[in-house]
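1. Predicted model, plus sequence, below.
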Amino acid sequence: MTPAQDVDLDIQNTGALPAPDAAPPTVSAGAMIVCQGVTKRYDPNVLALNNISFQIDKGEFVFIVGASGSGKSTLIRLLLKEMEPTQGTIIVGGRDISRLRPSRISQLRRNIGCVFQDFKLLPNRNAAENVAYALNVQGESAQNIRRKVPEVLSLVGLVDKMDSLPNQLSGGEQQRVSIARAFVNHPPLLVCDEPTGNLDPDTSVGIMQLLYSINRTGTTILMATHDREMVDKMRRRVIALEDGKIARDERRGGYSSQ
Ligand code: ADP
Ligand code: MG
């Protein structure tokens, strides 16, 4: 597999100055994601994330676990800058994302591959077209698209299904297409929100193996899940959320504390 592109998300400095009232967080050179004191309140009664802090280094594979409603998807949406935290700082690839100019937001998203539980494929386009469409939107040349699409579909094991529509593919195959779409440009960071949530256990294992092989190319992976068995098998870093707080952060953890 080709290595992930250089992990620097930050091509150009915006020149923004730090807020005078906030000490800038200390960020080591190896950090991919830094959350410091991040709180997200949807409305006065819904505190989805409550003052959470953690750092994920480049190249790590990290599970975010927790019961439904514990704040996993909220955290992912904040990283993608789909919404703003109520408080706190989020740094991705060395850049404080609250300070990104609008023109830099699309660049941030291009550098973060996303995989979701429900695949989010275009129903009227086949596997190859789904991947090509994403590249096209990013302004990739027709020549590059012709080269990259079969390459990445072969990487996820779907060369034979390039012409199949999503409804002609199994759930596992559809998730492979969505991973191909997320990884086609070898982003430094891949975030996955319950990627095995709709899949049976055997199919899930195949998807996890694919994510691991992607991680081995150097891509940092953050995966929200409540697939207890999978997390226990993998013995990777686990950050456990409980009611919007970090209940546990273990280097080689399981789903529950033992
Ligand atoms: P998880 O992904 O772990 O299931 P979420 O991040 O989706 O958790 O939700 C955390 C909390 O925030 C829950 O109480 C949920 O109901 C609430 N929540 C999520 N999204 C919204 C929203 N758009 N508006 C209001 N409340 C929300
Ligand atoms: Mg969720």
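-> Received, thanks. Ligands and ions are numbered 1, 2, ... in the order given.
2. Got the phi and psi for Met208?
-> With angles defined as degrees, to the nearest 10, Met208 sits at phi -60, psi -40.
3. and what of Ala132?
-> Per degrees, to the nearest 10, the backbone of Ala132 is at phi -60, psi -40.
4. Pull the number of nearby residues for it.
-> 20 (other C-beta atoms under 10 Å). Just so you know, the C-beta spots here come from the backbone N, C-alpha and C atoms, and that holds for glycine as well.
5. Now do the same contact list for it.
-> Ile145, Val149 (C-beta atoms under 8 Å, 6 or more residues apart in numbering).
6. now do 10 Å
-> Going by C-beta atoms under 10 Å, 6 or more residues apart in numbering, Ala132 touches Arg125, Asn126, Glu140, Ala142, Ile145, Arg146, Lys148, Val149, Arg181, Val184.
7. so which strand or helix has the spatially closest residue to the last one that is not a sequence neighbour?
-> Meaning Val184. Excluding the flanking residues, the one nearest Val184 by C-beta to C-beta, 6 or more residues apart in numbering is Val152, at 4.5 Å. Element membership of Val152 [criterion: DSSP states H and E] is helix 142-155.
8. and the gap between Tyr133 and Leu122?
-> As defined by C-beta to C-beta, to the nearest Å, Tyr133 lies at a distance of 6 Å from Leu122.
9. Give me the more crowded residue out of those two.
-> Tyr133 (16 against 13).
10. where in the stretch 151-258 of the chain is pLDDT low?
-> 258 (pLDDT under 70).
11. Looking at pLDDT only, which of the contacts of Ala132 scores worst?
-> When these are compared by pLDDT, Glu140 scores lowest at 93.
12. Could you say which helix or strand holds that one?
-> Short version, using DSSP H and E: Glu140 is in no helix or strand.
13. Name all residues that make contact with the nearest residue to it once chain neighbours are set aside.
-> Nearest non-adjacent residue to Glu140, counting by C-beta to C-beta, 6+ apart: Lys148, 7.4 Å away. By C-beta under 10 Å, 6+ apart, the contact set of Lys148 is Val131, Ala132, Leu135, Glu140, Ala180, Val184, Asn185, His186.
14. As CSV, those residues with secondary structure and distance to ligand 2 would be great.
-> CSV is the format used below for the contacts of Lys148 (DSSP: H, G, I helix; E, B strand; the rest coil; distance: C-beta to the ion, whole Å):
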residue, secondary structure, distance to ligand 2
Val131, helix, 25
Ala132, helix, 29
Leu135, helix, 27
Glu140, coil, 30
Ala180, helix, 23
Val184, coil, 25
Asn185, coil, 25
His186, coil, 26
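15. Report whether stretch 188-202 contacts ligand 2.
-> No: judged by C-beta under 5 Å from the ion, stretch 188-202 stays clear of ligand 2, getting no closer than 5.9 Å.
16. how about that stretch: buried residues?
-> Pro188, Leu189, Leu190, Val191, Cys192, Asp193, Glu194, Pro195, Thr196, Gly197, Asn198, Leu199 (16 or more other C-beta atoms under 10 Å).
17. same thing with stretch 107-125?
-> Leu108, Asn111, Ile112, Gly113, Cys114, Val115, Phe116, Gln117, Phe119, Leu121.
18. Now intersect the residues you listed with the helices, please.
-> Among the buried residues of stretch 107-125, DSSP state H puts Leu108 in helices.
19. elements contacting the strand or helix carrying Leu210?
-> Leu210 is part of helix 201-216 when elements are defined by DSSP H and E. Under the contact definition 3 or more C-beta pairs under 10 Å, 6 or more residues apart in numbering; DSSP states H and E, helix 201-216 sits against strand 61-65, strand 112-116, helix 142-155, helix 171-183, strand 189-193, strand 220-225, helix 228-234.
20. let's see 6 Å
-> helix 171-183 (3 or more C-beta pairs under 6 Å, 6 or more residues apart in numbering; DSSP states H and E).
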